[in-house]
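Student: Next come a sequence and a model predicted from it.
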Amino acid sequence: MGERGWILLTLVVYNGAILALGAWAARRARGGEDYWLGGRGLGPWVAALSASASSSSAWTLVGVSGAAYLHGLSAAWLIPACWSGFALNWFLVARRLRAASRVNGALSVIEFLSADAHAAWQRRLRRVGGAILVVSLGAYVAAQMQAAGKAFVAAFEWDLWLAILIGGAIVLLYTVWGGFWSVAITDVAQGLVMVGACVLLPVASLALVGGPGGLIEGMRAVRETDAPHFMDAARGMSGWPLAGLLAGMFGIGLGYPGQPHVVDRFMAIRDEADVARGRVIALTWAALVYSGMVVAGWCARVALEPLADAEGALFEVSRSAMPAIGAGIVLAAVVSAIMSTVDSQLLVIGGTVARDLAPESGSAGLLRGRIAVAGVGLAAMAAALLIRESIFNTVLFAWSALGAAFGPLLLVRLFRGPVRPAWSMAAMCAGFAVTVAWYFTPALKSRLYELVPAFAAAGLIAWCGARPAHR
């Protein structure tokens, strides 16, 4: 059997296992709370791996390794920057959100943020928040579909449309069918495949370049030939430009509390002891995955001929450093990163349509949500063929829009108390609007990552509008 045959066999076995897991888990979805939040019964391993895999999309594997390939040593800042976002969620958000969402019975982040308002303001907040969520997650899902297409094209030289259709159809099938339980259980398998690949590939890649010493020498050679700042953690910057670079890198971590498809897992954790256990699992997972992808990107730059697309570095180095079945596992890991994010995002979109943009009415609400999941998934497949931005940039924009619209408001709500409805609306809209304006203004975007000012603006508004809880 040739290389492509082994890779294809690996993917067929893997996706067959994922569909079987999804079918098994689907039997547990017997009602609204089961379908949207897993009956609030997630244990530490399921919660930690599901939240981790859902927050770590193709951007984590394809984008981070591509950034390391392109920028060299300065990409190492992505490791503590992203790890800090995991820490922010698990230390500050998880325990409080789990407890508070049980008090008001919320099944989604938007529902939780609007629960303290009276009926008219609840409807407004849920509709505006829902619209922001659908637009942002729609772009996010389309970027993931594009990444799936790149993965299959790199492995099999398929047409892009066919690759996107196959990858998208698998995710839609088990997400529409089983809801939260199918998504969470399959995320566990996908998270394990991701971390396995992120450990094996760097080891194989280091062997390819002659170990850590060979990697360092190779990176120095890259610096001397075509990338003067490849070994410079500051990327040749100093003063305010360097401060802007570091603020932008660590600003990525600010987006974690605002990702509805991630923090929903905290609302579903079984008990407080499981939060503590899940924290250890998630932080270990993040350290292994992000450091592994940075090392793999560096090794790709040293070992390979120059690539036209830096985001293809992961696929190319896996084919050079590993046997065919190993390259298949890496491709399965990329597909896992995509599927584990897309399924969670599609489920959140379905919940938003069923519960936030229109009042739920029993089985009709579930049906409306399933139709929304399928519709958005199909639209994202079409949009993936039209995207011209890199996966790295598209995902960061959607991440920023969600992180600024919901993250500051959620943190203020958890730590300071309920926020007055008009101020909640203003915080969500300001976070989203500043993100969009900053992103599309080159003079601003080139100086500072858009999430940082957007998060600050939304956070200030939410803080001013809060009613401190009596303790």
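Tutor: Received the coordinates, thanks.
Student: Show me the helices in the stretch 1-150 of the chain, by range?
Tutor: When assigned using DSSP state H, counting those that start in this stretch, the helices of the stretch 1-150 of the chain occupy the ranges 3-26, 32-37, 44-55, 58, 64-71, 78-88, 94-104, 109-114, 119-156.
Student: Columns mean neighbour count and mean pLDDT on top of those, output as a markdown table?
Tutor: (Each C-beta comes from the backbone N, C-alpha and C, glycine too.) Conversion of those to a markdown table gives the following (neighbours: other Cβ atoms under 10 Å; pLDDT from 0 to 100):
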| stretch | mean neighbour count | mean pLDDT |
| --- | --- | --- |
| helix 3-26 | 17 | 67 |
| helix 32-37 | 22 | 53 |
| helix 44-55 | 27 | 86 |
| helix 58 | 29 | 71 |
| helix 64-71 | 26 | 94 |
| helix 78-88 | 20 | 95 |
| helix 94-104 | 17 | 92 |
| helix 109-114 | 26 | 91 |
| helix 119-156 | 22 | 83 |
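Student: Reformat the ones you listed as a markdown table; add distance to residue 465.
Tutor: Converted to a markdown table, the helices of the stretch 1-150 of the chain look like this (distance: least, Cβ to Cβ, whole Å):
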| stretch | distance to residue 465 |
| --- | --- |
| helix 3-26 | 40 |
| helix 32-37 | 27 |
| helix 44-55 | 28 |
| helix 58 | 36 |
| helix 64-71 | 36 |
| helix 78-88 | 22 |
| helix 94-104 | 18 |
| helix 109-114 | 12 |
| helix 119-156 | 12 |
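Student: mind checking which of these is nearest residue 184?
Tutor: Distance to residue 184, taken as Cβ to Cβ, is lowest for helix 44-55 among the helices of the stretch 1-150 of the chain, at 4.5 Å.
Student: Next, the angle helix 94-104 makes with that closest one.
Tutor: Between the axis of helix 44-55 and that of helix 94-104 there is an angle of 100 degrees, by axes from the mean of the first three to the mean of the last three Cα atoms, to 10 degrees.
Student: Could you list every helix and strand that helix 44-55 packs against?
Tutor: Helices and strands in packing contact with helix 44-55 are listed as helix 78-88, helix 160-209, helix 260-267, helix 272-303, helix 324-351; criterion 3 or more Cβ pairs under 8 Å, 6 or more residues apart in numbering; DSSP states H and E.
Student: Go ahead and measure how far the one helix or strand residue 460 maps to is from the middle of the chain.
Tutor: Residue 460 is part of helix 451-464, with elements assigned from DSSP states H and E. Using Cα atoms, centre = their mean, to the nearest Å, the mean C-alpha position of helix 451-464 is found 22 Å from that of the whole chain.
Student: got it, and stretch 433-450?
Tutor: Shown here is stretch 433-450, whose average C-alpha point lies 21 Å from the average C-alpha point of the whole chain (Cα atoms, centre = their mean).
Student: what's it in contact with?
Tutor: Taking Cβ atoms under 8 Å, 6 or more residues apart in numbering as the criterion, the residues outside stretch 433-450 that touch it are 241, 244, 247-249, 251-252, 396-397, 400-401, 404-405, 451, 453-454, 457-458.
Student: what about it, how long is it end to end?
Tutor: Using Cα to Cα, to the nearest Å, the end-to-end distance of stretch 433-450 comes to 11 Å.
Student: With only the CA atoms kept, save stretch 74-91 in CSV.
Tutor: Taking only C-alpha atoms (Å, rounded to 0.1, in the frame of the first residue of the first chain), the coordinates of stretch 74-91 have been written out as CSV:
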residue,chain,number,x,y,z
SER,A,74,9.4,35.1,18.2
ALA,A,75,6.6,32.5,17.7
ALA,A,76,7.6,31.0,21.1
TRP,A,77,5.6,33.8,22.7
LEU,A,78,2.5,32.0,21.5
ILE,A,79,3.0,29.3,24.0
PRO,A,80,2.7,31.3,27.2
ALA,A,81,0.2,33.6,25.5
CYS,A,82,-2.3,30.8,24.7
TRP,A,83,-1.6,28.9,27.9
SER,A,84,-2.5,32.0,29.9
GLY,A,85,-5.9,32.0,28.2
PHE,A,86,-6.5,28.4,29.4
ALA,A,87,-5.4,29.4,32.9
LEU,A,88,-7.7,32.5,32.8
ASN,A,89,-10.7,30.3,32.0
TRP,A,90,-10.0,27.5,34.4
PHE,A,91,-9.0,29.6,37.4
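Student: residues making contact with that stretch?
Tutor: In contact with stretch 74-91 (Cβ under 8 Å, 6+ apart) are residues 51-52, 55, 60, 64, 67-68, 229, 232-235, 245-246, 249-257, 262-263, 266, 275, 278-279, 282-283, 286-287, 290-291, 294, 297-298.
Student: try stretch 399-407
Tutor: Contact with stretch 399-407 is made by 59, 109-110, 113, 129, 132-133, 135-137, 139-140, 252, 254-260, 428-429, 431-432, 434-436, 439, 449-451, 454-455, 457-458, as judged by Cβ under 8 Å, 6+ apart.
Student: export it as PDB, just CAs?
Tutor: As requested, C-alpha coordinates have been extracted for stretch 399-407 and formatted as PDB (Å, rounded to 0.1, in the frame of the first residue of the first chain):
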ATOM      1  CA  TRP A 399     -11.900  35.000  18.000                       C
ATOM      2  CA  SER A 400     -11.400  38.700  18.800                       C
ATOM      3  CA  ALA A 401     -15.000  39.600  17.900                       C
ATOM      4  CA  LEU A 402     -16.400  36.900  20.300                       C
ATOM      5  CA  GLY A 403     -13.800  37.500  23.000                       C
ATOM      6  CA  ALA A 404     -14.500  41.300  23.100                       C
ATOM      7  CA  ALA A 405     -18.300  41.000  22.800                       C
ATOM      8  CA  PHE A 406     -18.800  38.500  25.600                       C
ATOM      9  CA  GLY A 407     -15.600  38.000  27.600                       C
END
